[in-house]
Structure formats: C-alpha cells, structure tokens
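A.B. asks: make a model of this:
(chains A, B, C and D)
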Number of protein chains: 2
Amino acid sequence: MPITIYDVAKKAGVGIGTVSRVLNDSPKVRITTRNRVMAAIQELHYHPNPMAQRMAYGKTLAIGVITRFFTRPSFVERLRGIEASVAESEYDLIVYNVETLAKRERYFRTVPMSHRVDGLIIICLPPTDADVERFIEEKLPTVLVDTYHPNLSRVVVDDVSGGRMATQYLISLGHRKIAYLSDPLNDPLASPFRFTSSLYRYQGYRQALEEAEIPFVPRYHQAAEHSLYQAKVLAHRLLSLPDPPTAIFAASDTQAMGALEAAREKGIRVPEELSVIGFDDIEIAAYLRLTTIRQPLYESGLRSVEILLSHLDRPQEQPRQVNLALELVIRDTTAPPRH
Amino acid sequence: MPITIYDVAKKAGVGIGTVSRVLNDSPKVRITTRNRVMAAIQELHYHPNPMAQRMAYGKTLAIGVITRFFTRPSFVERLRGIEASVAESEYDLIVYNVETLAKRERYFRTVPMSHRVDGLIIICLPPTDADVERFIEEKLPTVLVDTYHPNLSRVVVDDVSGGRMATQYLISLGHRKIAYLSDPLNDPLASPFRFTSSLYRYQGYRQALEEAEIPFVPRYHQAAEHSLYQAKVLAHRLLSLPDPPTAIFAASDTQAMGALEAAREKGIRVPEELSVIGFDDIEIAAYLRLTTIRQPLYESGLRSVEILLSHLDRPQEQPRQVNLALELVIRDTTAPPRH
DNA sequence: ACATTTTTTGAAAGCCCTTCCCTTATAGCG
DNA sequence: CGCTATAAGGGAAGGGCTTTCAAAAAATGT
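C.D. replies: Below you'll find the model as predicted:
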C-alpha cells in the first residue's frame, strides 16, 4: 500500500495540514518542524499522489497539444520546442495526433468537453468558429501555432510577407519567370484540414510580382498534396513547359527538395540554370545548401507555451498575437538567371 | 460551477451511486432508470470529472513515453504508432523527450517515483539495471522498444540478423569490399545514451563477412555521431581510401543518404560504381529508391502499446519479447560491382 | 396472498490531497 | 510577569468520483 500524507504526519508527529504546508513551501511552518517533516518524507520515500493533488487543486496539471506532428519535419520541430518548455513547468504534455478528418473532429470535440487538460496548443489545424466557441465556453485556454483565429491567442509568422520576401529576392537576382510550387490553396474555412500558410505565401508571391510589374502566369503556379514526390512531379511539369520558369519558389523546404530532385533528373543545373528557394529552414535545408526563408520553428513552440502558461495564470487575459520574424537565408540554390 | 454527479442524480431523481453505475455500464441498473439518468446527463451536458475518476479508480489513466523522438525520423514513426494505439484506449499519452543526459536522468528517475503514469514505454534508450529495478519496485509496467533489458517486456528486431541480411545481400551481388558506416559502437551499459542497434548490426556485418571468408578491413568501418552531414564526411573518407569499398552498408537510411550524397559529390555513380544499402526504410527511402532493410517502425509502436495494456490488466504477467521481422527491400542503389 | 429470492437502489465510506478556520504556542512589549 | 499581537499547527471540510453495504423494491415460488 502506498504511503500517504497521513503516514508522514504520524511519523513526524504533526498534523496532515503541516505536512501539506511543507510540501507546498508555505512560510508558516517553523524551520524545526519543517525539518522534522522533511526527515519523515525522506525516510518513508514519500511522494504525494499527483491525482489527489490535481483533484484538490481543481486542475489537471496537463497541457494538450493537437497536431499533425508526423507529416512534416517542421511540426516535429515545433513540438520539440513545446516539449522542452512544458518540461520546465509543472505540467505534463499530452499529445493528440491528427491524421484523419475523423480524428480531428473527435479531438476538437472531446478534448475541451472532457476536461482532461488545463490548456491546449493547436499546431497548424485551423479551428472553425464553432470550435473556438466551444473552447471559450469550456473555458479552455488555447493557443494556436501557425494558424489563426481572431478570438484565440496565436504564434504566427507573416506568411504573406514571407512569400514576398522570397519572390522579391528572386526578382532582385534578375528573375522574371518565377514559379510557385505549393499544396492546394484551399480556403481555410472551407477545409479545416488544410494548411493555411501556402495560401498566404501565394498572396505574397502575387504581391511581389505585381510590385515589380511582372505579369502573373497561371501555369507557373502548380499545387498538389504536400509530399516530396508530388513536388517532384509538379516541378517536372514546370520544367517541361514551353517557356519554363528560371526560378521556383516552393512553399516548403520539403517541396523545394522535390524541385531540386526534378532538376537533377532533367539535368538542369542549380543554381546556374534554375534557382530554387524553399520555406521553413528545416534541418536538412542547411545540409542541402538550400536558399530558404527561415521561420523560427522551435521558438514558436517555446512561445506558445509561454503564452498558454500566462493565460493559465490569468484566465481573464485577452487573446494576443506573437509575430515571429522571418529571415531570408541565402545559400547555394539561387543565382541570377542566365541569358 | 461545473456540473457534478450530484446535479445529475437530483435531476434524474436517483442516488449518485446509480448515476455512477450508469456511467460505468454496470448491468445492475433497470433500463427505465438508466434512460432517466441518460436523459439527465444529456440535458445538463454532464461530463464526469476525469481527475475525480482517476482518484477513485486509483489509476492515472495515462501512459508515458520516453524517447528521443526528434532526432530521427524512425522514432517519430514509432511514436506515430504508439499515439494511434493509445488513442483507441482510455489512456492519455504523455511524452517525455530526452535530448540531454540530464533530462534522461531526470525522467528515468522522476517518472516512476511520481506516479504520474500507469505504464511506460521507452524508445531506444537502454535502461540500466538500477533503472529497471526502480521501475519494478515502483510497480510501473514498462515496455522497451528497440532496446533491451531481460527484466522488461520489449519489442525488438534482430539487428544482428539485419546486419547479416544486408551484408549477405551485398556479398551475393559479388561485393567483397564492403564498408560499414554507423554511429559510434559503444557498449550500451557504458553509455546509456547511445543507440545499441548499430553495434548489433555491426556484429551481423562481421558474421556475414566471416561466413563468406572475407577478411574484415578495419578501415572499412567508419563511425561518427548520427547525422546526415557526418555520414557524408565518413563516406568521403571511405571513398578516398587507396582501395575504396565497392559497397557501403549504412546503419540507418539517414546515413545512407549521406553516403549517396558523398558519392554524388565525388562523381561516383550509384549503383554502377558503388552500392549503398541503408536500414529502417523511412519514408524518404522509397523516394530515393534506396535499397534498405525495412523494420516495421509504426507497427513496433502498436505492439508496444498492446503489450503495455496487457500488463496493465494483469500486473503479475511475466515480461515478454515480441520479435518483429526485418525485410530486405531491393531498390535501385545496389548492383553487382564492376570489374 | 405471503414468504423468499433476487434485483435494484440510496447512502456512506474511501481515495489523498489542499485549504480554511480555529486553537494553541511563541514572541513582543509595557 | 502578564497581556496582547502574531506565528504555527491541528483537524475538519471539500473536491467528484467509485464501490461497498444495507435497505427497498420487484420477482419468483407456493
């Protein structure tokens, strides 16, 4: 049978209240009795039962994270930041991985109702208004990462400006035939399961073209489900056009890798004949010497936990937004076009 | 104020015990009263407080997983299997990510003592005898994945035979100058933070050479910390030897990618001039057309949960071992050597 | 219809903490 | 030294559930 606070109290010759105060670092315990209690705790190898504590506190001491963490290296990196940050707190981290629409529905619905967590972080899955209403009704503090809703705190990057940044850089090198390679650009409200960032990066791409008075060529935008393989197929399509682009802006590093691979297969040299720029700066990008837009993935995890903890302390706090900076990382896959 | 079982009982005109029995599908409730209770639950939007349930059950209804899940795609894949399986159960999944020795120590020590989880899965981090003793003393059912201890249940593959399989295949193609590229082969007992699999695969490699009466060339074994970049460096070293190998067996697909990259940089054609075989069959391997030894990563996660749940049901159960099968996947990076 | 089982139900005890309220011990001060 | 102000500690209440136990209700048998 496990050792309880009563055993400790008896051994130390004090009341259970005193033991609890020692455990919770209450100042109103004389140093001598504190020592006595500490000794008893040591001797009995006592550890408070966390379930009883949670019950008494009225908190679960757990934070949930809903993510599609396996589909992209960038999610994993974010999750890494979250775990690191949560580990420093008194909270446990419970993960919910979404791979199907059914699971999305289930988690979005049951996690708030069931009161299993004190707070929630959602990575990259845009919640509907109804979802958000439920979170708020259930008083479940929620922070979004890499997705957006006006009524919830969020950690974001400015994907529009990231898209511009990438495109402007290519333009500054002298490119005018610039393709954009991404996953399908669905309206986030219509398809709650899709990434929203590709759409915004696309908007930035369009803006940059417009500013430079370069006409947009619809065929230069190719989209398909996010994968290395699909990206390679799309890049092949782009490079086989009668008037192929001289530069490809890929909505993610993974897709940029597909573009590089396609170029290699076609014997097109990078960056001499084709420039490729990615997005994210995942670990492998440095290795591939890929020019890309870096977003602070790990840090986004840290910051989201920071915000969430602050909401947990002050439940009345207003939703807030943290903008993380994007950075152009120039490596070896971009160069001026040949003539 | 949240709705409790008392509210439901009052509304339904029954005692709380009856409500509880309805919640727990006890057979000893008349159908008519059950319906009455159900109606009240619906009407009040009642959800039982999980902390109170855990308290009463004397269980945490949580499973912990300790892993280094971010360093390798193969861990993530295992974790995916674990999450999928846990999601089907009544348990929550709490993740503990280990990136430093300090964190390893902390988790291995505190997780069992603190009684935060009912069961534990450990991926790829070999526990010491002292660790295991602690798990058993604290009655914490534990399952190891891709690591071993005689006193704990585990899900493993036969890495020795995997190493042989890879090497024998290269030999069967006609290779005799076969290199092994891996991370450092530490004694698992001496360095609890290292992977053990590389060592066993090495043993398999040596066995296969011996069986084919091919003398082992020490310089053909190169080891460094696990990373794409390091692997590339090692491969360069191998390929610059006066008598370079005609085939490289890499201890992981990631490392095989490094070898492929090195070959590309040196202008050595694969598989014509150099064969490369990897290990794991991670997602990207299919894309790269990499010959490799497939291990069922996702399934290893599923099976580990299965075993753990069974131990949770029957605490007296003996530790058991599940062996998963390895499979040679022949793709396009291996071929007979040229003469 | 009555006695006897069997089923169903209500209520209390228990799970292990925290916290509040009140008593007791200590300290400070005149 | 005695009195008040303050610090320290004991113990009960409370948190929301499960489960046991005993009582009530229904079912069965005669």
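A.B. asks: near A:N35, how many other residues are there?
C.D. replies: Per other Cβ atoms under 10 Å in any protein chain shown, the neighbour tally for A:N35 reads 13. Glycine gets a C-beta too; all of them are placed from N, C-alpha and C.
A.B. asks: right, and A:Y180 touches A:V217 too?
C.D. replies: No: applying Cβ atoms under 8 Å, one finds A:Y180 not in contact with A:V217, separated by 10.1 Å.
A.B. asks: which stretch of helix or strand covers the residue lying closest to A:L234 once chain neighbours are set aside?
C.D. replies: What sits nearest to A:L234 in space, not counting adjacent residues and going by Cβ to Cβ, 6 or more residues apart in numbering or on different chains, is A:Q222, at 4.1 Å. With secondary structure defined by DSSP states H and E, A:Q222 is part of strand A:221-223.
A.B. asks: what's that strand packed up against?
C.D. replies: Identification of packing neighbours for strand A:221-223 by 3 or more Cβ pairs under 8 Å, 6 or more residues apart in numbering or on different chains; DSSP states H and E yields strand A:178-182, helix A:228-239.
A.B. asks: name the residues that touch it?
C.D. replies: A:179-185, A:198, A:202, A:234-235, A:237-238 (Cβ atoms under 8 Å, 6 or more residues apart in numbering or on different chains).
A.B. asks: and the residues you listed as JSON lines, adding neighbour count and pLDDT?
C.D. replies: Shown next, in JSON lines, are the contacts of strand A:221-223 (neighbours: other Cβ atoms under 10 Å in any protein chain shown; pLDDT from 0 to 100):
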{"residue": "A:A179", "neighbour count": "28", "pLDDT": "97"}
{"residue": "A:Y180", "neighbour count": "27", "pLDDT": "98"}
{"residue": "A:L181", "neighbour count": "30", "pLDDT": "97"}
{"residue": "A:S182", "neighbour count": "26", "pLDDT": "94"}
{"residue": "A:D183", "neighbour count": "21", "pLDDT": "90"}
{"residue": "A:P184", "neighbour count": "13", "pLDDT": "89"}
{"residue": "A:L185", "neighbour count": "19", "pLDDT": "87"}
{"residue": "A:S198", "neighbour count": "24", "pLDDT": "90"}
{"residue": "A:Y202", "neighbour count": "21", "pLDDT": "96"}
{"residue": "A:L234", "neighbour count": "24", "pLDDT": "96"}
{"residue": "A:A235", "neighbour count": "30", "pLDDT": "97"}
{"residue": "A:R237", "neighbour count": "16", "pLDDT": "97"}
{"residue": "A:L238", "neighbour count": "23", "pLDDT": "97"}
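A.B. asks: which one of those is nearest to chain B?
C.D. replies: Nearest to chain B among the contacts of strand A:221-223, counting by Cβ to the nearest Cβ, is A:A235 at 13.5 Å.
A.B. asks: list the contacts of the closest residue to that closest one other than its chain neighbours.
C.D. replies: Closest residue in space to A:A235, ignoring its immediate chain neighbours: A:A262 at 3.5 Å, by Cβ to Cβ, 6+ apart. Contacts for A:A262 were tallied using Cβ under 8 Å, 6+ apart; they are A:A231, A:K232, A:V233, A:A235, A:H236, A:L239.
A.B. asks: count of residues packed around A:S172?
C.D. replies: Look at A:S172: counted by other Cβ under 10 Å, it has 11 neighbours.
A.B. asks: I meant A:D129, not that one.
C.D. replies: The burial count for A:D129: 11, using other Cβ under 10 Å.
A.B. asks: can you list phi and psi of it for me?
C.D. replies: A:D129 has phi and psi values of phi -60, psi -40 when expressed as degrees, to the nearest 10.
A.B. asks: so which of the contacts of strand A:221-223 also contact DNA strand D?
C.D. replies: With the criterion set as Cβ under 7 Å from any atom of the strand, no member of these is near DNA strand D.
A.B. asks: let me see the ranges of the helices in the stretch 1-150 of chain A.
C.D. replies: Secondary structure of the stretch 1-150 of chain A (DSSP state H, counting those that start in this stretch): helices at A:5-12, A:16-23, A:31-44, A:50-57, A:73-87, A:101-114, A:129-137.
A.B. asks: wait, which of those is closest to B:D129?
C.D. replies: Among these, the nearest to B:D129 by Cβ to Cβ is helix A:31-44 (23.9 Å).
A.B. asks: do that closest one and DNA strand D meet?
C.D. replies: Yes: for helix A:31-44, a contact with DNA strand D is found by Cβ under 7 Å from any atom of the strand, at A:T32, A:T33, A:R34.
A.B. asks: one more: stretch A:95-113?
C.D. replies: No: Stretch A:95-113 lies out of reach of DNA strand D by Cβ under 7 Å from any atom of the strand, never closer than 12.1 Å.
A.B. asks: pLDDT-wise, which helix or strand of chain A ranks last?
C.D. replies: The helix or strand of chain A with the poorest confidence is helix A:283-288; it has a mean of 88 (mean pLDDT, DSSP states H and E).
A.B. asks: next helix or strand past it?
C.D. replies: Downstream of helix A:283-288, the first helix or strand assigned by DSSP H and E is strand A:291-294.
A.B. asks: what packs against the helix or strand just after that next one?
C.D. replies: Using DSSP H and E, the next helix or strand after strand A:291-294 towards the C-terminus is helix A:297-313. Judged by 3+ Cβ pairs under 8 Å, 6+ apart, helix A:297-313 is in contact with helix A:73-87, strand A:119-123, strand A:142-145, strand A:153-157, strand A:321-324.
A.B. asks: ok so, going back, would you turn the helices of the stretch 1-150 of chain A into JSON lines with mean pLDDT?
C.D. replies: Shown next, in JSON lines, are these (pLDDT from 0 to 100):
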{"stretch": "helix A:5-12", "mean pLDDT": "90"}
{"stretch": "helix A:16-23", "mean pLDDT": "91"}
{"stretch": "helix A:31-44", "mean pLDDT": "90"}
{"stretch": "helix A:50-57", "mean pLDDT": "94"}
{"stretch": "helix A:73-87", "mean pLDDT": "94"}
{"stretch": "helix A:101-114", "mean pLDDT": "93"}
{"stretch": "helix A:129-137", "mean pLDDT": "94"}
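A.B. asks: relative to A:A256, which of those is closest?
C.D. replies: Closest to A:A256 of the helices of the stretch 1-150 of chain A is helix A:73-87 (Cβ to Cβ; 12.5 Å).
A.B. asks: what's the closest one packed up against?
C.D. replies: strand A:62-67, strand A:92-97, strand A:119-123, helix A:253-266, helix A:283-288, helix A:297-313, strand B:92-97.
A.B. asks: chain B versus A:F70, what's the distance?
C.D. replies: A:F70 sits 5 Å away from chain B, going by Cβ to the nearest Cβ, to the nearest Å.
A.B. asks: for A:P184, what are its contacts?
C.D. replies: A:R194, A:S198, A:A223, A:A224, A:E225.
A.B. asks: quick check, the second one in a strand?
C.D. replies: No: the assignment for A:S198 (DSSP: H, G, I helix; E, B strand; the rest coil) gives helix, which keeps it out of a strand.
A.B. asks: that one touches A:Q255, doesn't it?
C.D. replies: No: applying Cβ under 8 Å, one finds A:S198 not in contact with A:Q255, separated by 9.4 Å.
A.B. asks: phi, psi for A:E317 please.
C.D. replies: According to degrees, to the nearest 10, A:E317 has phi -50, psi 140.
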